[in-house]
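>>> Structure of the sequence below:
(2 chains)
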Amino acid sequence: MTDVSEPTDDELDDSQSLDDHPLTRDRVAKYRKVMEGGGFPYSFERTATAQDLVDRFPDIAPGEATGETVTVAGRLKNTRVMGKLIFAPVSDLSGTLQLFVDVQTLGEEGFEAFLELDAGDWLGATGEVIATKRGELSVKVSSFQLLQKSLRPLPDKWHGLKDVEERSRRRYVDLMANDDARNVAIARTTIISELRRQFELRGYIEVETPILLPEATGATARPFATHHNALDIDMQLRIATELYLKRLVVGGLERVFEIGRIFRNEGVDSSHNPEFTMLESYEAFADYTDIMTLVEDVFAACATAANDSTDVELDGRWLSLAAPFARITMLDAVRDRTGLDIDYDTDISVLRAAAGDHGVQPEDHWGSGKVVEALFDAAVESTIWEPTFVTEHPIEVSPLSRAHRSKPHVTERFELFIAGSEYANAFSELNDPFDQRERFEAQAAMKAAGDDEAHPVDDDYIRALEYGLPPTGGLGIGVDRLVMLLTGKTHIREVILFPTMRPH
RNA sequence: GGGCCUGUAGCUCCAACGGUAGAGCAGCGGACUUUUAAUCCGAAGCGUGUGGGUUCGAGUCCCACCGGGCCCA
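Residues are numbered from 1 along each chain as shown, chains lettered A, B, ... in the order given. Have a look, this model is predicted:
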């Protein structure tokens, strides 16, 4: 019989075990020794990054000594000890540089201290910039300082950290072990900066609208629910920024955009995370065709910013983000793809039967517009490869977009599809308060009929429209998907630093 | 929600028919004054996600649970 209450495992699951585990106890002992000797520094002044060295000494010859002294800082990746010599790669944000340590320069005592360092430690070092006999640009260390000790071992220096769960849960390890993780994180920032720049160039102003709302509006999606204690009211996290941004255009801000976190209470898969980033923009006096041009320009600019090219490789195939993108109406796309001779006036029973043939199970409250959209989703969406504006969505499924100026049944709307996924959604904004109220009421009827994703009525938004929303072109871009596209990633968790995961 | 796959040392991975768990890297000890995943020598380290079951014997088979992946709704 064993006493089950006795802790028996010595895994590195918690900090208590660090003292006991063979891979960490020496590190902990060294850590404590530093603390007893006065502790670690609070700051450190470096004079060069790894990239600076490459930039400043591009033509250094093997064996050359520059006579220039720099101070660098970073994480120690490895120590290659060669008796009285040490080669030690150190990485900082800009890249990796090599420290060259020899006894003559650093002295007996310093050399011994350097040998005490462990992979993962943060250190600062000062020394002359040299090239080794093999020509590797290096800092010949004359002094160094341990900035903070790493108590836990680094992942495999060659294979890095591969397990996707571990990489996602412990992104800090992923980032220190895998260059690709770091590159994607930086690419994301580059892309978002470029998005911001593109809109600012066009005179848009960036705004912030509420995340915490009495009722989430602006899209058809299930919200997260929460509660405000002081006000004692139930609240929801936003599922879009749409109606608030349009309120600002009513107020006269004319061109606004927001890059913000959106929350939708839905499943997790390769292209969905419960919280994700969306860019929405609204431009007074523009219509949806103006927004198509905007999207073409913005996507090309982001691709160029990220990759210096508008050609993109995804899953081993190439596509081009150079303008112009193809354009096709939703109805034509469905007709072309299915061969069905249908339109919005086709008898609903015929449409439903056609939908059934394509694996769609129409619900009783669906009209022709909803059926056509379902057919598009089922038969067309995944077949689109090159960037394509799919236009003129049915009124029935577009409660916030303006009816088409000359065609019945449809709206002035488009979605951009690339490689089988939606990247943008835009329309000439519905600015008729009477029409908007009717659309909301139609949605309310669908909700009553059992569609729990139907758009709720927003009376204050109607009120805003009653003050007058100018003709406006609006746009939403899925930022995470754009980053996926431009970094060649096929799973959204690869472009979100901390994707939503079930707690361990 | 359904189907298939998966969890082994800090990391990356092996382990015929069920036969009592190995390697590389990291770590530890040693050699080495120009390495680039340094090299060489030596000694160690896991009882296989958790809990049951079948069996003389279970990473290997069965069940449940906890995570994860892929595909589908």
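>>> alpha carbons only for contacts and neighbour counts from here, please
Will do.
>>> which helices and strands sit right next to the lengthiest helix in chain A?
The residue-count maximum for a helix in chain A (DSSP state H) belongs to helix A:179-201. On a contact count with 3 or more CA pairs under 8 Å, 6 or more residues apart in numbering; DSSP states H and E, helix A:179-201 meets helix A:171-177, helix A:288-307, helix A:479-487.
>>> right, so of those, which gets closest to RNA strand B?
Nearest of those to RNA strand B, taken as CA to the nearest atom of the strand: helix A:171-177 at 8.7 Å.
>>> Send me the closest one as PDB with only the CA atoms.
C-alpha atoms of helix A:171-177 as PDB (Å, rounded to 0.1, in the frame of the first residue of the first chain):
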ATOM      1  CA  ARG A 171       3.700  31.300 -26.300                       C
ATOM      2  CA  TYR A 172       6.600  32.800 -24.400                       C
ATOM      3  CA  VAL A 173       8.500  29.600 -25.000                       C
ATOM      4  CA  ASP A 174       7.400  29.400 -28.600                       C
ATOM      5  CA  LEU A 175       8.700  32.900 -29.200                       C
ATOM      6  CA  MET A 176      12.100  32.200 -27.600                       C
ATOM      7  CA  ALA A 177      12.500  28.800 -29.300                       C
END
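>>> Tell me the buried residues in that helix?
Of the residues in helix A:171-177, A:Arg171, A:Val173, A:Asp174, A:Leu175, A:Met176, A:Ala177 count as buried by neighbour count, 16 or more other CA atoms under 10 Å.
>>> would you list these in a markdown table and tack on pLDDT and distance to A:Asp357?
Shown next, in a markdown table, are these (pLDDT from 0 to 100; distance: CA to CA, whole Å):
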| residue | pLDDT | distance to A:Asp357 |
| --- | --- | --- |
| A:Arg171 | 94 | 45 |
| A:Val173 | 93 | 49 |
| A:Asp174 | 94 | 46 |
| A:Leu175 | 95 | 48 |
| A:Met176 | 94 | 51 |
| A:Ala177 | 92 | 50 |
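>>> which one of these is nearest A:Ala230?
Checking the buried residues of helix A:171-177 against A:Ala230 by CA to CA gives A:Arg171 as the nearest, at 35.6 Å.
>>> the domain parsing of chain A - what is it?
Domain ranges of chain A: A:14-154, A:177-325+A:386-494, per automatic domain parsing.
>>> so A:Ser428 touches A:Arg413, yeah?
Yes: counting by CA atoms under 8 Å, A:Ser428 touches A:Arg413, with 6.4 Å between them.
>>> The two: which has the busier surroundings?
A:Arg413 (33 against 29; other CA atoms under 10 Å).
>>> Can you spell out which residues form a bridge with the closest residue to the more buried one other than its chain neighbours?
Leaving aside its sequence neighbours, A:Arg413 sits nearest to A:Phe427 (CA to CA, 6 or more residues apart in numbering; 4.0 Å). Listed beta-bridge partners, A:Phe427: A:Arg413, A:Gly474 (assigned using DSSP bridges).
>>> Next, count neighbours for A:Phe427.
Other residues near A:Phe427 come to 31 when the count uses other CA under 10 Å.
>>> what about it, distance to RNA strand B?
28 Å (CA to the nearest atom of the strand, to the nearest Å).
>>> circling back to that earlier point, quickly list what's touching both of A:Ser428 and A:Arg413.
The contact sets of A:Ser428 and A:Arg413 overlap at A:Tyr288, A:Ser401, A:Arg402 (CA atoms under 8 Å, 6 or more residues apart in numbering).
>>> will you turn those into TSV that also has neighbour count and distance to A:Ile186?
Below are these laid out as TSV (neighbours: other CA atoms under 10 Å; distance: CA to CA, whole Å):
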residue	neighbour count	distance to A:Ile186
A:Tyr288	24	32
A:Ser401	26	35
A:Arg402	25	38
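>>> who in the stretch 401-504 of chain A is up against RNA strand B?
The stretch 401-504 of chain A comes close to RNA strand B at residues A:His491, A:Met501, A:Arg502, A:Pro503, A:His504, as judged by CA under 7 Å from any atom of the strand.
>>> tally of neighbours for the last one?
A:His504 has 4 neighbouring residues, counting by other CA under 10 Å.
>>> Please apply the same query to the first one.
A:His491: 16 surrounding residues under other CA under 10 Å.
>>> Need the per-residue pLDDT for it.
For A:His491, the model assigns a pLDDT of 93.
>>> Repeat that for the last one.
For A:His504, the pLDDT comes out at 75.
>>> How about A:Thr8?
pLDDT, A:Thr8: 36.
>>> so where do the helices sit in the stretch 51-200 of chain A?
Per DSSP state H, counting those that start in this stretch, the stretch 51-200 of chain A carries helices over the ranges A:103-106, A:108-115, A:164-169, A:171-177, A:179-201.
>>> Show me which residues of the last one are buried.
Within helix A:179-201, the residues that qualify as buried are A:181-182, A:184-185, A:187-188, A:190-192, A:194-199, counting by 16+ other CA under 10 Å.
>>> Quick one: name whatever helix or strand follows it.
Moving toward the C-terminus from helix A:179-201, the next helix or strand (DSSP states H and E) is strand A:205-206.
>>> Pull the distance from that following strand to the chain's centre.
20 Å (CA atoms, centre = their mean, to the nearest Å).
>>> What strands line up against the helix or strand just after it, and which way round?
Using DSSP H and E, the helix or strand that follows strand A:205-206 in sequence is strand A:212-213. Next to strand A:212-213 in the sheet, as set by DSSP bridges, lie strand A:233-237 (antiparallel).
>>> now whichever helix or strand comes after the partner strand: mean pLDDT?
From strand A:233-237 onward toward the C-terminus, using DSSP H and E, the following helix or strand is helix A:242-250. Helix A:242-250 comes out with an average pLDDT of 97.
>>> how far is the helix or strand immediately after helix A:242-250 in the chain from where the chain is centred?
Following helix A:242-250 in sequence order, the next helix or strand is strand A:255-263 (DSSP H and E). Centroid separation for strand A:255-263 versus its chain: 14 Å, with CA atoms, centre = their mean.
>>> which secondary structure elements does strand A:255-263 contact?
The helices and strands touching strand A:255-263, judged by 3+ CA pairs under 8 Å, 6+ apart, are strand A:205-206, helix A:242-250, strand A:275-284.
>>> tilt between the last one and helix A:242-250?
Here strand A:275-284 points in a direction 30 degrees away from that of helix A:242-250 (axes from the mean of the first three to the mean of the last three CA atoms, to 10 degrees).
>>> how big is the angle separating strand A:275-284 from strand A:255-263?
Going by the same axes, to 10 degrees, strand A:275-284 makes 160 degrees with strand A:255-263.
>>> May I see the buried residues of strand A:275-284?
A:Glu275, A:Phe276, A:Thr277, A:Met278, A:Leu279, A:Glu280, A:Ser281, A:Tyr282, A:Glu283, A:Ala284.
>>> For the first one, which residues are in contact?
Which is A:Glu275. A:Glu275 sits next to A:Arg261, A:Ile262, A:Phe263, A:Arg264, A:Thr500 when contact means CA under 8 Å, 6+ apart.
>>> so which of those residues is the most crowded?
Neighbour tally across the contacts of A:Glu275 (other CA under 10 Å): the maximum, 23 neighbours, falls on A:Phe263.
>>> A:Phe257 - how many residues pack around it?
Neighbours of A:Phe257 using other CA under 10 Å come to 26.
>>> Since that was my last question, I'll sign off now.
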